[in-house]
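S.K.: Return atomic coordinates for the entry below.
(one chain, ligands or ions: 1)
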Amino acid sequence: MKILITGSAGFIGFSFAKKLLEKKIYKIVGIDNFNDYYDINLKKKRNNILKNYKNYKFNKVDITDKKKIEKIFKNEKFDFVFHFAAQAGVRYSINFPRKYMESNLMGFFNILENVKKYRVKRLFYASSSSVYGENKNFPLNEKENIFPKNIYALSKKVNEEIANIFNRYYKVKLTGLRFFTIYGEWGRPDMMMLKFINSYYNNKTFELYNFGNHVRDFTYIGDAVAIMYLLLKKHKKLDNNEIFNICSNKPINLKEIILFMKKNEINPKIKKVTLQKADILKTHGNNSKLIRFTKFKKFSDWKESLKRTIEWYQKNML
Ligand SMILES: NC(=O)c1ccc[n+]([C@@H]2O[C@H](COP(=O)([O-])OP(=O)(O)OC[C@H]3O[C@@H](n4cnc5c(N)ncnc54)[C@H](O)[C@@H]3O)[C@@H](O)[C@H]2O)c1
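M.R.: The predicted structure follows:
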């Protein structure tokens with residue numbers, strides 16, 4: 001079985017590609033443009049790990065490059081596509097909205113057109129918890145109204161809507177994955193947990209937005225990857241077009257995380273700053289649909305996973 005993973009040098013794409021390659025039964029083709037949104041060396045390190053597997057093939061391509069993307073689809077004949085390549089980040093979207101239009105809208109559309117043309121069995125694509133905006137009907141289920149609050153969230157909402165149209169008119173099969181704050185080994189240095197650890201080891205001041213009064217439904221990468229694997233295995237039972245929250249349903253206050261970090265001797269200087277206007281105060285997803293379908297039950301204990309993340313950082317990033 002051949003699977004395309006876009007954004008394969010990114011956090012989630014890399015982690016999922018590695019999981020599939022470890023099974024030894026999948027051929028994986030990875031695509032990434034190594035953009036410089038965060039440390040390119042981290043992306044290269046991830047990609048080098050994948051390149052050690054003989055079933056892995058990598059293409060440095062931008063998903064907005066229509067011709068090159070089509071050529072890859074034509075040559076490879078994928079069974080499934082997992083689309084993670086996107087311009088991520090909520091705060092960055094205030095200053096660089098065009099990047100979201102290009103990668104998240106045109107890039108997404110290029111992938112979708114080829115999924116249709118080359119009859120891929122199903123496209124799994126990354127959406128985001130940020131589509132819910134400030135909806136406070138916690139825990140938020142997939143049927144809740146969505147109110148994107150920034151260009152990033154809007155780009156994900158539009159992805160979901162284009163997906164609906166492609167399903168309705170062209171019978172393309174799709175599964176949207178609304179990720180909620182994924183963290184863990186090989187994670188993203190622009191996100192809270194790794195940013196905090198990084199600040200400590202690089203002697204930088206950590207800026208704590210909204211004085212730490214944020215709550216996030218932190219979800220461990222190991223759980224997210226195991227869940228995606230179950231979705232792939234059960235793909236025949238999936239509806240033709242549906243969306244899942246990928247979340248642990250256990251919201252944690254940032255202050256609690258900082259206390260735990262300090263207990264583990266991760267103690268950077270902290271500067272408390274006011275709320276950033278693109279930020280959302282709280283995320284808390286309902287995962288009962290996901291659990292019902294996948295039968296995945298045992299979400300990791302966040303303290304244990306965070307400890308593992310700190311140990312991974314000390315071993316690999318210092
Ligand atoms: N990590 C999270 O908590 C989280 C939460 C919600 C949604 N998501 C979504 O999940 C997906 C993966 O997120 P991630 O955390 O792994 O982010 P990431 O930034 O680590 O990975 C994205 C990868 O895509 C690549 N990329 C970006 N634009 C590209 C383009 N035009 N062409 C080719 N490659 C391109 C980047 O170089 C990067 O390696 C994204 O769509 C993101 O919006 C992530």
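S.K.: separation between Asn286 and Ser130?
M.R.: Distance from Asn286 to Ser130, counting by C-beta to C-beta, to the nearest Å: 16 Å. Just so you know, the C-beta spots here come from the backbone N, C-alpha and C atoms, and that holds for glycine as well.
S.K.: Could you do Cys247 as well?
M.R.: Here Cys247 is placed at a distance of 12 Å from Ser130 (C-beta to C-beta).
S.K.: Now do the strands in the stretch 201-318 of the chain.
M.R.: Remark: strands of the stretch 201-318 of the chain, listed N- to C-terminal, are 205-208, 215-216, 219-220, 241-246, 252-253, 269-272; assignment by DSSP state E, counting those that start in this stretch.
S.K.: elements contacting the fifth one?
M.R.: Counting contacts by 3 or more C-beta pairs under 8 Å, 6 or more residues apart in numbering; DSSP states H and E, the secondary-structure elements packed against strand 252-253 are strand 215-216.
S.K.: Residues in contact with the strand it packs on: which ones?
M.R.: Under the contact criterion C-beta atoms under 8 Å, 6 or more residues apart in numbering, strand 215-216 has outside partners 180-181, 192, 251-254, 281-284.
S.K.: Please apply the same query to stretch 100-120.
M.R.: Defining contact as C-beta under 8 Å, 6+ apart, one finds that stretch 100-120 is touched by 4, 6, 62-66, 69-70, 73-74, 77-81, 83, 85-87, 93, 123, 125, 151-152, 154-156, 158-159, 162-163, 166, 170, 172.
S.K.: Tell me how far it lies from the chain's centre.
M.R.: Between the centre of stretch 100-120 and the centre of its chain there are 17 Å (C-alpha atoms, centre = their mean, to the nearest Å).
S.K.: Next: stretch 256-263.
M.R.: The chain centroid and the centroid of stretch 256-263 are separated by 24 Å, computed with C-alpha atoms, centre = their mean.
S.K.: buried set for that stretch?
M.R.: 257-258, 260-261 (16 or more other C-beta atoms under 10 Å).
S.K.: which parts of the protein sit against the ligand?
M.R.: Where the chain comes near the ligand, counting by C-beta under 6 Å from any ligand atom, the residues are 7, 9-13, 31-35, 37, 43, 62-64, 84-88, 103, 107, 126, 128-129, 179, 181-182, 188.
S.K.: Identify those among those that sit within strands.
M.R.: 31-32, 126, 128, 179, 182 (DSSP state E).
S.K.: now the contacts of stretch 100-120: which count as buried?
M.R.: Buried subset of the contacts of stretch 100-120 (neighbour count, 16+ other C-beta under 10 Å): 4, 6, 62-64, 69, 73, 78-81, 83, 85-87, 93, 123, 125, 151-152, 154-156, 158-159, 162-163, 166, 172.
S.K.: Would you map the strands across the stretch 1-150 of the chain?
M.R.: Using DSSP E, counting those that start in this stretch, strands in the stretch 1-150 of the chain cover 2-6, 27-32, 56-60, 80-83, 122-128.
S.K.: Among these, single out whichever gets nearest to Ile270.
M.R.: With C-beta to C-beta, the closest approach to Ile270 among those belongs to strand 122-128: 26.7 Å.
S.K.: how far does the closest one sit from the chain's center?
M.R.: Strand 122-128 sits 10 Å away from the centroid of its parent chain (C-alpha atoms, centre = their mean).
S.K.: what angle sits between the helix or strand following it and strand 122-128?
M.R.: Helices and strands here follow DSSP states H and E; after strand 122-128, the next one along the chain is helix 151-170. Computed by axes from the mean of the first three to the mean of the last three C-alpha atoms, to 10 degrees, the angle separating helix 151-170 from strand 122-128 equals 160 degrees.
S.K.: elements contacting helix 151-170?
M.R.: helix 92-95, helix 108-117, strand 122-128, strand 174-179, strand 241-246.
S.K.: tell me the contacts of Trp186?
M.R.: The contact partners of Trp186, by C-beta under 8 Å, 6+ apart, come to 11, 14-15, 42, 46, 221, 312.
S.K.: From the residues you listed, list the buried ones, please.
M.R.: 11, 14-15, 42, 46, 221.
S.K.: which ones among these are found in helices?
M.R.: Judged by DSSP state H, the subset of the buried ones among the contacts of Trp186 located in helices is 11, 14-15, 42, 46, 221.
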